[in-house]
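K.L.:
Take a look and give me a structure for this.
(2 chains)
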There are 2 protein chains.
Amino acid sequence: MSKKYQVVGIGNAVVDVLSHVKDGFLAENGIEKGIMTLIDLERAAQIYAKIGPSIEISGGSAANTIAGLAQLGARTAYIGKVKDDQLGAIFVHDLRAQGADYEVALSPASHDAETGRCMVMVSSDAERSMNTYLGVSEFLTPEDIDSAMMADAEWIYLEGYRFDGPDSHAAFAKAISACKGAGGRVSLTLSDPFCVERHREAFRDMIRDHVDLLFCNEHELRAMYQDEDLGVVLRLAAAEVDTVACTVGADGAYIWRDGREIHAPADPVKIVDATGAGDLFATGFFFGELNGYDTLTTGRMGCVAAGEIISHIGARPEADLKALFAKHDLL
Amino acid sequence: MSKKYQVVGIGNAVVDVLSHVKDGFLAENGIEKGIMTLIDLERAAQIYAKIGPSIEISGGSAANTIAGLAQLGARTAYIGKVKDDQLGAIFVHDLRAQGADYEVALSPASHDAETGRCMVMVSSDAERSMNTYLGVSEFLTPEDIDSAMMADAEWIYLEGYRFDGPDSHAAFAKAISACKGAGGRVSLTLSDPFCVERHREAFRDMIRDHVDLLFCNEHELRAMYQDEDLGVVLRLAAAEVDTVACTVGADGAYIWRDGREIHAPADPVKIVDATGAGDLFATGFFFGELNGYDTLTTGRMGCVAAGEIISHIGARPEADLKALFAKHDLL
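P.N.:
Residues are numbered from 1 along each chain as shown, chains lettered A, B, ... in the order given. This is a model prediction of the structure:
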């Protein structure tokens, strides 16, 4: 009997605030290029006052993945905390409108923190640098994890970023226990090399003990296994999980499974905004996995979905992903 | 001695909520295509629950015009009411970040209404249909009009949409009086044919008595002067104001000035989202006017700026407008 959900994502629920920045802006304002940095509300206000006109789009790494899967018709749900404020309403609307379930209680308006937001600063080279104010998203606790939902999921998908915060590890442990106890499987994305630095041991334990499918990029994997040789770190990861799906930018992805390495090439694409590339790779990969495609096709679906997201501003898909898969002869 | 401001805009301060809708959606939900309809908060919530994932971008007709002028380096300010809430903060940020002054006191968080928003539903033919919840924007009163600012403006730019609301006429009258009393000039945009229907007599009086520069499109002008013949209504308007700038879609614009008609052609452009075409036409036209260009060049600047805005989602310019003018040999 199939479970109610195919994939349930757990992550930081944030609204992206997208702006274009001139060369020099990042350095002048002490913003590290290409990575995600956590900031407090005061710093968020300082930076917001300096960036240009922006657009707001729902974001959040795992939420982007789930939104893409929902667009593809997969049965999905998402867990991440927003507040009962205007940005929270936007976040919940956009997920539900895409077809994903969202059942988390909104943090009351009396909560000190606000709905989280991520200032995505896109440079002229289309690289994005992110400064994130987590807001109430940081306060996800085990109480927010519905065990019945976890048990009713074929896969849970854990966002590495969500390891930042007081009760995150306990929340993840509860989710894993409920999911695995009911025969489900666990996937994890490493999210960011600096996030890996912050939580290397906890990630390591989780990967070894619970993770069936690991998403990462080459930089995150090197940070995780502390070796510069991609071949080496891929083998180290592959020894610990069933499947490793590691993206390598314009070269596509390497997938390790059953002791074999498969290279899924990416198509050339004009990059407008790199935000969400890894998130949508996971969307495409899950779609292939859920529907029993071979490993190469599954990896290619990841690459095609990632290619869609980097061809426009924002990390939620605009084009019909299934039509794109068909166009690339993947269905 | 030049005044502090070249153009001060007064209008409805709203954040646009942009979504793509399938054919049939508008009819099924009783939404009139291609025009702006005012809705209350309850109806806004109903429609919002039905539209797909959206993106939020600051909007508001006159605010779009002012944002474009600020990008072009003009000395600008904007008056329109938002609340002290998250959407209000977004609106104010985006205007100031573009370089426009915004000095209106925010409506307190205790106000029943929220910051206004406009659901912009883009159909597959790139036509946009707008449902607007005005929120606190509707409550602009004469007290919100700073007479000193009006006196320090070469031009004030009045948004026809802002005629909807209890104290609007009085607010506009105060603005006009202060501006004209100090030797400034008055421009008005008719905004929308149904808006013209609602306020024809008030518009008529204002045009005849105070307006120096009238912005409109052909549909609005026909509604205003109640004749189907564009040549006839153009002449009727030209008899009442110094300059009439009337856009005619893909054909560009007709400008009447000093008893002569000038046709400014538009360049072919792939329309992605028609939102803001008229607003940015006014931006380009003002730029030509402020900098002493001839009428044809001034009209062409309007067409080029309008062409930029309809080539992408949202009604705030993304490209460098001055560079576009140069590319079209207008500078």
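K.L.:
Distance check, residue A:169 against residue A:213.
P.N.:
Counting by CB to CB, to the nearest Å, the separation of residue A:169 from residue A:213 is 20 Å. (C-beta placed from N, C-alpha, C; glycine too.)
K.L.:
Between the two, point out the one with more neighbours.
P.N.:
Per other CB atoms under 10 Å in any protein chain shown, whichever of residue A:169 and residue A:213 has more neighbours is residue A:213, with 21 against 16.
K.L.:
Go ahead and confirm the more buried one touches residue A:189.
P.N.:
No. Contact criterion CB atoms under 8 Å: residue A:213 and residue A:189 do not qualify, at 9.5 Å.
K.L.:
How is residue A:274 assigned, secondary-structure-wise?
P.N.:
Assigned state for residue A:274: coil (three-state reduction, DSSP: H, G, I helix; E, B strand; the rest coil).
K.L.:
for residue A:330, same thing?
P.N.:
Secondary structure state of residue A:330, per three-state DSSP, is coil.
K.L.:
what sits against the closest residue to residue A:35 other than its chain neighbours?
P.N.:
Nearest residue to residue A:35, sequence neighbours excluded (CB to CB, 6 or more residues apart in numbering or on different chains): residue A:194, at 5.6 Å. By CB atoms under 8 Å, 6 or more residues apart in numbering or on different chains, residue A:194 lies in contact with A:35-37, A:223.
K.L.:
One more: residue A:249?
P.N.:
The contact partners of residue A:249, by CB under 8 Å, 6+ apart, come to A:217-218, A:266.
K.L.:
Same check on residue A:75?
P.N.:
The contact partners of residue A:75, by CB under 8 Å, 6+ apart, come to A:4-7.
K.L.:
Could you give the number of residues near residue A:258?
P.N.:
Neighbour count for residue A:258, taken as other CB under 10 Å: 9.
K.L.:
Spatially nearest residue to residue A:160, not counting backbone neighbours?
P.N.:
Per CB to CB, 6+ apart, closest to residue A:160 is residue A:191, 3.3 Å.
K.L.:
which SS state does that neighbour fall under?
P.N.:
Reduced to three states with three-state DSSP, the structure at residue A:191 is coil.
K.L.:
roughly how far apart are residue A:307 and residue A:63?
P.N.:
In this structure, residue A:307 and residue A:63 are separated by 20 Å, where distance is defined by CB to CB.
K.L.:
Give me the more crowded residue out of these two.
P.N.:
residue A:63 (29 against 24).
K.L.:
which secondary structure elements does the helix or strand where that one lies contact?
P.N.:
Counting by DSSP states H and E, the secondary-structure element that holds residue A:63 is helix A:61-71. With contacts defined as 3 or more CB pairs under 8 Å, 6 or more residues apart in numbering or on different chains; DSSP states H and E, the packing partners of helix A:61-71 are strand A:5-10, strand A:76-79, helix A:86-98, strand A:153-159, strand A:185-189, helix A:277-290, helix A:295-309.
K.L.:
What residues does the stretch 201-331 of chain A have near chain B?
P.N.:
The stretch 201-331 of chain A comes close to chain B at residues A:314, A:316, as judged by CB under 8 Å from any CB of the partner chain.
K.L.:
Could you find the closest non-adjacent residue to residue A:53?
P.N.:
Here the nearest residue to residue A:53 in space, its sequence neighbours aside, is residue B:94; by CB to CB, 6+ apart that works out to 4.2 Å.
K.L.:
Give me the pLDDT for that neighbour.
P.N.:
The predicted local confidence for residue B:94 comes out at a pLDDT of 97.
K.L.:
Repeat that for residue A:151.
P.N.:
Per-residue confidence at residue A:151 stands at 98 (pLDDT).
K.L.:
And for residue A:1?
P.N.:
Residue-level confidence at residue A:1 comes out at 62, pLDDT.
K.L.:
Ok, residue A:217 next?
P.N.:
97.
K.L.:
what's the neighbour count on it?
P.N.:
Each residue near residue A:217 was counted by other CB under 10 Å, and the total is 21.
K.L.:
Can you give me the distance of it to residue A:65?
P.N.:
14 Å.
K.L.:
Also residue A:58?
P.N.:
Using CB to CB, residue A:58 is found at 13 Å from residue A:65.
K.L.:
More neighbours: those two, which one.
P.N.:
Neighbours per residue (other CB under 10 Å) separate residue A:58 from residue A:65, with residue A:65 holding more: 32 against 28.
K.L.:
contacting residues for that one?
P.N.:
Residue A:65 makes contacts with A:7, A:9, A:157, A:189, A:279-280, A:282-283, A:286, as judged by CB under 8 Å, 6+ apart.
K.L.:
Now do the contacts for residue A:271.
P.N.:
Under the criterion of CB under 8 Å, 6+ apart, the contact partners of residue A:271 comprise A:126, A:310-311.
K.L.:
Which one (most neighbours) among the residues you listed?
P.N.:
For these, neighbours were counted using other CB under 10 Å, and residue A:310 has the most, 21 neighbours in all.
K.L.:
Can you give me the pLDDT of that one?
P.N.:
According to the model, residue A:310 carries a pLDDT of 95.
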